[in-house]
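K.L.:
Structure for this input, please:
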Amino acid sequence: MKLSIIIPTYNEEKYLPKLLKSIEEQNFEDCEVIVADAASTDKTREIAESYGCKVVEGGSPAVGRNSGAKVACGEYLLFLDSDVILTEGYLQSALDEFIENEQGIGITQLIPLSDSKKDKLLHDFANLFMRSVESIKPHGAGCYGILTTKKLHDEVNGFDETYDFGEDSNYIERIGKVSLFRVLRKPRLLISTRRLQKEGLGTLARIYAKSTLYDFLGKRVTAGELNYNFGYEGTKRRILYSVCGEGMGHAIRSSVIINHLLEENEVIIFASDRAYDYLSQKFDNVYYIEGFNTVYVENSAKYRSTFIAGMRDLPKSLRNNMKILYSIARAFKPNIIISDFEAYSNLLSKILGIPLISVDNIHIITQTNLELPEKYYAERLAAKGVIASFISRPKRYLISTFFYPPVKNKNKVSLHPPVLRKRILNLKPYNGDHILVYQTSDSNSGLIDTLKSFDEKFVIYGFKMEKEDGNLIFREFNEKEFFKDFESCKAVIANGGFTLMSEAIYLGKPLFAIPVKKQFEQTVNSIYLQKLGYGEFQDELTRENFESFLSNIESYKKALSSFKHDKNQQIFKTLDKTIDEFSKKYKDDPQLDTLNLLEEGNKAK
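P.N.:
Residues are numbered from 1 along each chain as shown. The predicted structure is shown next:
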């Protein structure tokens, strides 16, 4: 393929169609169009796809252009902003001149889409200035048409993603040092004057004058110093929401809260593993990051194996995760970060100085005074250390819970009823003839042997199979079937996972809890379940203890009938108020350049 056209975008539904139509009308077919989109919340992606463009994940302009170049098949690369329009014959004219001059890098002259004489004079001056200094210093103000080769792009390692302003001039200069730079004389681009109209001639002139002076002096200037922003000019608050991928509870709770937040805010989502699979089916703007996964053997968490696996993967995961989080945050400029026990967003909030709100259930362990048997002291201490390493010093802790121990710091911590999804809230529970069994992992093989010995019907999820074996019915997970089985069961057997336990309590289903061994949070949930009389906590299911559970089902149901829920309203109200209190204007600190630190660390390794 001859040419790859790369366009970074964010919410460009107004301008992008005009550019894509002008490309379509060119008498040039040996090309592809790649749109690198930075989590648009409008129809930008749909428009790009309707024109047959490749669509990849973008971020800041530099990140988007590099992402596009990675998948480009063309020998030549043309980088365009989304608010330009190609003049007739532009592509053929630009390539012919570029090849004839044996150039390595070239830029295009501009014609403003305006009837104003002032606008035309300004752009004529910009074109004259670029031509006048081309032999002194390769330079280009604005990425309105940068033409180069794929080979040279790769040779200089693309655009420098640590730049938030002037990345185009830096890119042109670096390629200009190893090849010929020249302003293309014949081809022209039509360019929108939207920023000129928004900022005003004086302000914009000062911005570009200062940036050009710094460029010629060899100094770097940031967008913050110039008061210059890439996209994201809406009035809505911007929220970065990051979700732990272990189990399904974090994802289920987060989907409910995100649905609420999207009513009044812009939200982009980061998640790992099962949480990513679940959330990406429900929302746009969901990005995959690598997560930490616990190793289970025979219904027991193996922390030595988990630690070894985590440390083995940490350097790569840290580098990859922080690169995508940092680059998207640089473009999206969030006012607030919300984490459902996801560690990398915690790190990002500290690096960028963006307020962090913790919304989960697990901080019940660190932020309240629990009443627990002495034998769990060591597990409790270890759990506190792990939790503190994941989330540190957020502005607020919003904790979802069905039990209410005393809070340590009422100024920072609030307890709320469990966050329940609408499908659960809408169920009409009744007592059928089966017991629902749900397991977080399929490692508890001993449970299956014991269940076979009972004269009860068991519907079992979590063992990744679809079959019947006597009184056991195994099901692959399917939401519709699961809700149906949940609604009609007479009791539940599960681990100590918070979400399923909370849903069972809401539906009035007595629960037999077998927490995963050494999963302290599950143990805490199970202890308080039993304290409240909602069910029974056992380390394993035996014939004796399960028969005892069955004989007490009516007393459990009576206790469950007193449970009250507010349809998530309390936590929604508190979260909205907290976001209002701590939302701040995004500030980019070039001294805290995580990508550079990670890359240097990787090179040293």
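K.L.:
Could you say which helix or strand holds residue 481?
P.N.:
helix 479-488 (DSSP states H and E).
K.L.:
Now do the helices in the stretch 451-600 of the chain.
P.N.:
Under the criterion DSSP state H, counting those that start in this stretch, the stretch 451-600 of the chain carries helices at the ranges 479-488, 498-506, 520-531, 543-551, 553-560, 569-582, 594-604.
K.L.:
Same list (these) but as JSON lines, adding distance to residue 71 and mean neighbour count.
P.N.:
(Glycine included, C-beta is placed from N, CA and C.) What follows is the helices of the stretch 451-600 of the chain, written out as JSON lines (distance: least, CB to CB, whole Å; neighbours: other CB atoms under 10 Å):
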{"stretch": "helix 479-488", "distance to residue 71": "34", "mean neighbour count": "16"}
{"stretch": "helix 498-506", "distance to residue 71": "38", "mean neighbour count": "25"}
{"stretch": "helix 520-531", "distance to residue 71": "41", "mean neighbour count": "22"}
{"stretch": "helix 543-551", "distance to residue 71": "55", "mean neighbour count": "14"}
{"stretch": "helix 553-560", "distance to residue 71": "54", "mean neighbour count": "15"}
{"stretch": "helix 569-582", "distance to residue 71": "36", "mean neighbour count": "16"}
{"stretch": "helix 594-604", "distance to residue 71": "20", "mean neighbour count": "13"}
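K.L.:
Of these, which is nearest residue 336?
P.N.:
In terms of CB to CB, the element of those nearest to residue 336 is helix 569-582, at 5.5 Å.
K.L.:
For the closest one, give me every contacting residue.
P.N.:
237, 239, 257, 260-261, 264-265, 335-336, 338, 355, 357, 359, 395-396, 398, 400, 414, 416-417, 419 (CB atoms under 8 Å, 6 or more residues apart in numbering).
K.L.:
Mind checking the pLDDT average for it?
P.N.:
Throughout helix 569-582, pLDDT has a mean value of 95.
K.L.:
now stretch 17-24
P.N.:
Across stretch 17-24, pLDDT averages out at 94.
K.L.:
cool, stretch 88-98 as well?
P.N.:
Per-region confidence: stretch 88-98 scores 94 on mean pLDDT.
K.L.:
Please export the C-alpha coordinates of stretch 247-267 as CSV.
P.N.:
C-alpha atoms of stretch 247-267 as CSV (Å, rounded to 0.1, in the frame of the first residue of the first chain):
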residue,chain,number,x,y,z
GLY,A,247,-14.2,-12.1,40.5
MET,A,248,-17.4,-10.4,39.2
GLY,A,249,-18.4,-8.3,42.2
HIS,A,250,-16.4,-5.2,41.4
ALA,A,251,-17.6,-5.2,37.8
ILE,A,252,-21.3,-5.7,38.8
ARG,A,253,-21.2,-2.9,41.4
SER,A,254,-19.3,-0.6,39.1
SER,A,255,-21.7,-1.1,36.2
VAL,A,256,-24.6,0.2,38.4
ILE,A,257,-22.6,3.3,39.6
ILE,A,258,-21.3,4.0,36.1
ASN,A,259,-24.8,4.0,34.7
HIS,A,260,-25.8,6.6,37.3
LEU,A,261,-22.7,8.7,36.7
LEU,A,262,-23.3,8.8,32.9
GLU,A,263,-26.5,10.7,33.4
GLU,A,264,-24.5,13.9,34.3
ASN,A,265,-20.8,13.2,33.6
GLU,A,266,-18.4,11.9,31.0
VAL,A,267,-16.8,8.6,32.1
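K.L.:
State the mean pLDDT of stretch 542-549.
P.N.:
Taken as a whole, stretch 542-549 has a mean pLDDT of 94.
K.L.:
Same question for stretch 47-63.
P.N.:
For stretch 47-63, the mean pLDDT works out to 92.
K.L.:
Stretch 27-43 too?
P.N.:
Rounded to a whole number, the mean pLDDT of stretch 27-43 is 91.
K.L.:
Equivalent analysis for stretch 106-117, please.
P.N.:
77.
K.L.:
Where does pLDDT dip in the stretch 451-600 of the chain?
P.N.:
Applying pLDDT under 70 to the stretch 451-600 of the chain flags residues 584-600.
K.L.:
I should have written the stretch 301-450 of the chain there, sorry.
P.N.:
For the stretch 301-450 of the chain, the stretches flagged by pLDDT under 70 are 301-317, 440-445.
K.L.:
Which stretches in it count as strands?
P.N.:
For the stretch 301-450 of the chain, the strands defined by DSSP state E, counting those that start in this stretch cover 336-340, 356-360, 396-400, 413-416, 434-438.
K.L.:
Using PDB, list the CA coordinates for the second one.
P.N.:
So that's strand 356-360. The C-alpha coordinates for strand 356-360 follow below in PDB (Å, rounded to 0.1, in the frame of the first residue of the first chain):
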ATOM      1  CA  LEU A 356      -9.200   9.800  44.200                       C
ATOM      2  CA  ILE A 357     -12.500   8.400  45.500                       C
ATOM      3  CA  SER A 358     -12.600   4.800  46.700                       C
ATOM      4  CA  VAL A 359     -15.900   3.000  46.100                       C
ATOM      5  CA  ASP A 360     -15.800  -0.700  47.100                       C
END
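K.L.:
picking that back up, of the helices of the stretch 451-600 of the chain, which is nearest residue 80?
P.N.:
Distance to residue 80, taken as CB to CB, is lowest for helix 594-604 among the helices of the stretch 451-600 of the chain, at 24.8 Å.
K.L.:
those strands in the stretch 51-200 of the chain, which residues are they?
P.N.:
54-57, 76-79, 84-86, 105-112, 146-149, 181-191.
K.L.:
Now do the contacts for residue 391.
P.N.:
Residues near residue 391 by CB under 8 Å, 6+ apart: 339, 341, 343, 346, 356, 358, 360, 363.
K.L.:
Can you say which of those residues are buried?
P.N.:
Those of those that meet the buried threshold are 339, 341, 343, 346, 356, 358, 360, 363, by 16 or more other CB atoms under 10 Å.
K.L.:
Cool, thanks, signing off.
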